[in-house]
Each structure stands twice: as C-alpha cells, then as structure tokens.
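Visitor: The following block contains a protein sequence and its predicted model.
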Amino acid sequence: MAGAEVVKNYIDGEWRDSSSGGRIEVDDPSNGETIAVVAEAGPEEVHLAVAAANRVFRDRVLIDMHPYDRGQMLFRVADALEARSEEIATINCIETGKALDLARGEVRTAIRYLRYYAGLADKLEGRSIPRGAEFVDYTVRSPFGVSAQIVPWNGPLELMARSLACAIATGNSVVVKSPELAPLSGVEFARACETAGLPAGAVNVITGYGQTAGQALIEHPDVRHIVFTGSTATGRTVLKAASERIVPCIMELGGKSAAVVYSDADLDAVVDAVRIGTYLNAGQNCNNLTRLLVQRSIADELLEKVKVCVEGLTVGPGRENCDLTPMISKKQRKGVTEACEIALLEGARAVTGGAALSERSGYFMAATVFADVTRDSNLFQKEVFGPVLAVTVFDDPATGIELANDTDQGLAAGVFTRDIDRALWCADRLWAGQVYVNGWYVGGVETPFGGVKQSGYGREKGQEALDGYVQTRNIGIRISPPSSGEGSRAQSRTVTRDQGPSQAIALSDLVQP
Ligand code: NAD
C-alpha cells in the first residue's frame, strides 16, 4: 500500500486529514492484505465535527427547512448511492469480507432506509390539546441537536443509513463515527451526502478508534443525542458517559437469539433458517440465530439435517459469493475459537467445526455446531458473534420458551411450528424485540427493531424509530378575549383585557410541575 492515497474524514463539508497524522490500515479479511489507509480521527477531528454539526443546529439550518425539503435531501443521498451501487457494494464486500450479494443487499437496504425516512420527514406531527377558551395549547416534536452515531463493522453502510436518515428527517445534525475495521463504506456514504448537496456540517463522518475518537465523541459537551450500535459491553461505557450530561441514547446492542423448534415444525424451513440465520456474514449479525432449542422427538433428525447443510456450505471470499465468508479480524476469530474451547470444557459436543480454518490465509472460522449445550454454560448465555450454533433439547413445550428467555439478551427470537395457536402463544411469550415465526430475519426496513433486557432500548427501523430522534415540547398560550362588544361569550368571562390575565388565575387552578 506504499504511496496509496490516504482516505480522509468528512468534516464540515470538507475532506480533512488527521491532525495527529495517525493512520488506520484497513484489511481484506479474506487474505489479510491491507486495502486502504484511513486518516485516524482523534479528539481534534471530533471537536471540529461536533462544532460544525452544532453550528448547523444553532443556525436552525435543518430545523427551519420545510420537512419536505429535508426529505428531498435524503432522496438525493439515496440517488447518489444508487448511482454507484455496484462500486459501493464491492467496497463493502471487500472491507467486511461478506458475500458480494449480501453487500449488494446492504447497499439496497441503505437506500431503502433513506427513501423510507425521506417520505416520512413531512408526516411527523404534534397535536393540539383542548384546554378551554382561555388557552391554545399544542405540541411540537423537536430535534435534540447534535446526534452522535457510533456504528459497528458488520453492517457499516446500512446501519449508518438507518440512524442517519431518521436524524436528518427530524432536523438533527449528525456526527458519525464509523468503525475502524470497516470505515470505507462510511466514506462512500459521506461522498453521497456531498454529491446530494447537503448543507456543510449537517452530516460529518469520521473514522477513529473507539477508545479515542468514540470516547471523545460521547463525552463531547455539545453532543445532545447518542445512537450506539455495538456490543453490550461497550454500550455500558457509552451509557456511563451519557449519564454525566443526561444525554438521551438509543442503544442497539448484542443478542443471543434462539429459535424454538416444536415436533410439528417443517424441518427444511428450520435448516434454511439456520443456513441464513447462523452462517450468513460468518455469523456476525446482532440478531443471528445462535441457539436452536429442539423438542426431543425430532432432535436427532433435525441435527443430522443441520449437519449436512453446514458441512455443505461453500467456504471462500465474499467476492466469490461463498456461503461461509471470513470473519472481520484475527482478534474476532480468536474470541470465537476461545468460546468453542470453553464450550467443550463445559461438556458440549462438537457436531461439526469448532476451530479456525488456519490453512487459509484470511480470518476463516469453521461453520460450527455444538449439541448438548446446557442452559448455564457460556455458549448458551454469552454472545459469540461468529458462525457457531448451540443446540439444546427440551421435552415439555413450555420449557422451550423458558429456555429461549433464559439469557440477559433479547434482540430476536423465533418459533417453528405448524400449529397457529402454538405459534401465537409462543410469539407473545418470547421476550425479544423481534419475533420470527417459521423463518429467520423476517423483519424489514419498515418493521421496528431493537432489544429488550440487555440488548438495549429505543427502536430503529419502522415509523417507531422516529420517536427516538425527537423530543416533544409543549407550547401553552393564554389568550385574552376581544376587548369589547364582540359577543356574549367575551362579556361573560371573568377576565378582561383591563384586568389582565394574570389577575384572573386562581392559585388553586395551577397545575405545578
Ligand atoms: P463494539 O462495541 O466493539 O464497537 C462498536 C462501535 O463502538 C465501534 O465503532 C467502536 O469503535 C466503538 N467504540 C468502542 N469503544 C468505544 C468507546 N469507549 N466509546 C465510544 N465508542 C466506542 O462492537 P463491534 O464488535 O464493532 O460490533 C459487534 C457488536 O455489535 C455485537 O455485539 C453485535 O451484536 C452488535 N450489533 C448490534 C446491532 C443492533 O442493531 N442491535 C447491530 C449490529 C451489531
């Protein structure tokens, strides 16, 4: 990479190098080779980006715009991404390691988020509250100001698009810290914002490490809103910083999602859900299918089918559209192999896989299935974030639900059964932000998504997401009647203009905070 152009940060409508001269090398996870060098953002870049976003907010650049025009800006960003979608998908595929078709889907989804929230920008309304003849009262749904958005590497473009689109649609200005392991998609997003002619400073995209740029961003005194998408552990750090200044947060954290499979289930549908839910993107999805809870009478048959499917997955680089692509980094893979070693020590049985594919040059991990996983074990309880499935058998139907809910996480859950009564009974009892019936990843851009328990709070996707980007303010107006001769209503009132409204209100009528 000697002599390669350094990719810069997008701050206040300009491309800026790092003031410290720091550099971040970006790897191709399929072979470990450096594909780009990015200027590392530090506290100085954070400060410049927040200052620009704050200026846009204080000058009311986005707030005073007609909401329709804010929507039009987002449509233009979507158009700019679409015009280069194949090129951006290729960049996304190479930096994350994911399959090219999946990367194409990521670009399409990012575009859909932008268009979805663009269309909603002028449909967010307050309400008028009747309070009698002496008052006019209404609510406005105002932006927070500078929204700091921290994005993980597993879906760097689409996760950026989903939060940013909501923020801009509602009049917030944004500073995004894109992930240090996959920053190039965010750079392409910033280019699309530039092409779309967004006001300078409305969107700023910087790349730096979590402990430096990320920490400086969440601690910045002018940040008024945080959207954090990442691990539950880092989420705790973010919340501590946010609590110092009472900054509202949307927390999109990790998962340990389970599918409960009953004896009447379509087993081929379950296997298909495992293929996609557990192994897509090398298992590096927050809502991936990590635990398969199977009723005993079909357990052996299903496990055999799963084994055949998993051992048939093609392994190779994302650009070849293989089923099992590399993990994002050597470090991430090490965490997964360690989790596999602990699983064996805790008595789980490796049905297939369980180790790194070290003969390959990239960060490949074998597609892994463990059976006999007990509910108190590490593999049952802790997010692994890799291509590893934990299988546990149950007898009594209610135990399936109990097992599914028996972790601190609650991002997604699923049930497989042909019995509609049972499906609905389970859907109500599976304690997760999204519940899938007879499939996996059943949700879409328009369906609200987010965690319960330690998977976080606040919602992204769907119309509900907009609620997290505005704060309701109330405007109460005391009105005086016309001065004279304008009808009996005015004459009958106790308040006159001469007396002044303040003299008329009884202390006993006051509603205090
Ligand atoms: P991570 O928590 O390590 O990092 C996420 C982001 O936080 C990165 O940009 C990182 O630089 C930044 N960061 C790290 N330390 C920080 C700090 N002290 N202050 C501010 N920012 C900091 O997570 P990851 O490994 O990048 O991503 C995987 C995790 O993300 C998994 O747990 C996964 O489940 C979760 N995830 C959740 C969702 C969701 O929508 N719920 C979506 C995707 C990923």
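Guide: That came in fine, so what should we check first?

Visitor: Is residue 201 in contact with residue 59, as I believe?
Guide: No. Contact criterion C-beta atoms under 8 Å: residue 201 and residue 59 do not qualify, at 9.1 Å. (Each C-beta comes from the backbone N, C-alpha and C, glycine too.)

Visitor: ok, the two, which is more surrounded?
Guide: Taking neighbours as other C-beta atoms under 10 Å, residue 201 and residue 59 compare with residue 201 leading, 27 against 13.

Visitor: hang on, that one is in a helix, isn't it?
Guide: No. Assignment of residue 201 by DSSP: H, G, I helix; E, B strand; the rest coil gives coil, placing it outside any helix.

Visitor: And the contacts of the host helix or strand of residue 389?
Guide: Per DSSP states H and E: residue 389 is located in strand 388-394. Residues outside strand 388-394 that contact it (C-beta atoms under 8 Å, 6 or more residues apart in numbering) are 274, 278, 283, 289-296, 299, 303, 306, 310, 336, 339-340, 343, 348, 351, 353, 368-375, 379-380, 400, 403.

Visitor: Filter these down to just the buried residues.
Guide: Buried members of the contacts of strand 388-394, counted by 16 or more other C-beta atoms under 10 Å: 274, 278, 283, 289-295, 299, 303, 306, 310, 336, 339-340, 343, 348, 351, 353, 368-373, 379-380, 400, 403.

Visitor: Show me these that map onto helices.
Guide: 274, 278, 299, 303, 306, 310, 336, 339-340, 343, 379-380, 400, 403 (DSSP state H).

Visitor: Run through the residues of the stretch 51-200 of the chain sitting next to the ligand.
Guide: Contacts of the stretch 51-200 of the chain with the ligand, taken as C-beta under 6 Å from any ligand atom, map to 150, 151, 152, 153, 154, 155, 159, 177, 179, 180.

Visitor: how much space between the residue nearest to the fifth one when sequence neighbours are not counted and the ligand?
Guide: The spatially closest residue to residue 154, leaving aside those adjacent along the chain, is residue 284, at 4.6 Å (C-beta to C-beta, 6 or more residues apart in numbering). The span separating residue 284 from the ligand equals 7 Å under the rule C-beta to the nearest ligand atom, to the nearest Å.

Visitor: wouldn't residue 284 be in contact with residue 156 here?
Guide: No. Between residue 284 and residue 156 there is no contact under C-beta under 8 Å: 11.7 Å.

Visitor: Pull the residues that contact stretch 239-248.
Guide: Here stretch 239-248 has contacts from 144, 215, 218-219, 221, 223-226, 249, 251, 468, 471, using C-beta under 8 Å, 6+ apart.

Visitor: now for those residues, which pair is the farthest apart?
Guide: 215 and 471 (25.0 Å; C-beta to C-beta).

Visitor: The two: who's more crowded?
Guide: residue 215 (19 against 16).

Visitor: who touches that one in this structure?
Guide: Per C-beta under 8 Å, 6+ apart, neighbours of residue 215: 237, 241.

Visitor: name the element it belongs to?
Guide: Per DSSP H and E: helix 215-219 holds residue 215.

Visitor: next one: the helix or strand following that helix to chain centre, how far?
Guide: Downstream of helix 215-219, the next assigned helix or strand under DSSP H and E is strand 223-229. Here the centre of strand 223-229 is set off from its chain's centre by 12 Å, with C-alpha atoms, centre = their mean, to the nearest Å.

Visitor: which residues touch residue 441?
Guide: Contacts of residue 441 by C-beta under 8 Å, 6+ apart are 276, 277, 287.

Visitor: Between those, which sits nearest residue 85?
Guide: Once C-beta to C-beta is applied, the member of those that ends up nearest residue 85 is residue 276, at 22.2 Å.

Visitor: helix or strand for the nearest residue to that closest one once chain neighbours are set aside, which one?
Guide: For residue 276, ignoring the flanking residues on the chain, the nearest one in space by C-beta to C-beta, 6+ apart is residue 440 at 5.8 Å. Here residue 440 sits in a region with no helix or strand, counting by DSSP H and E.

Visitor: For the ones in helices among the buried ones among the contacts of strand 388-394, which two are the farthest from each other?
Guide: Taking C-beta to C-beta, no two of those sit farther apart than 336 and 400, at 26.2 Å.

Visitor: Residue 45 reaches residue 209, doesn't it?
Guide: No. In terms of C-beta under 8 Å, residue 45 does not count as a neighbour of residue 209; the distance is 11.9 Å.

Visitor: separation between residue 218 and residue 131?
Guide: 40 Å (C-beta to C-beta, to the nearest Å).

Visitor: Done for today, thanks.
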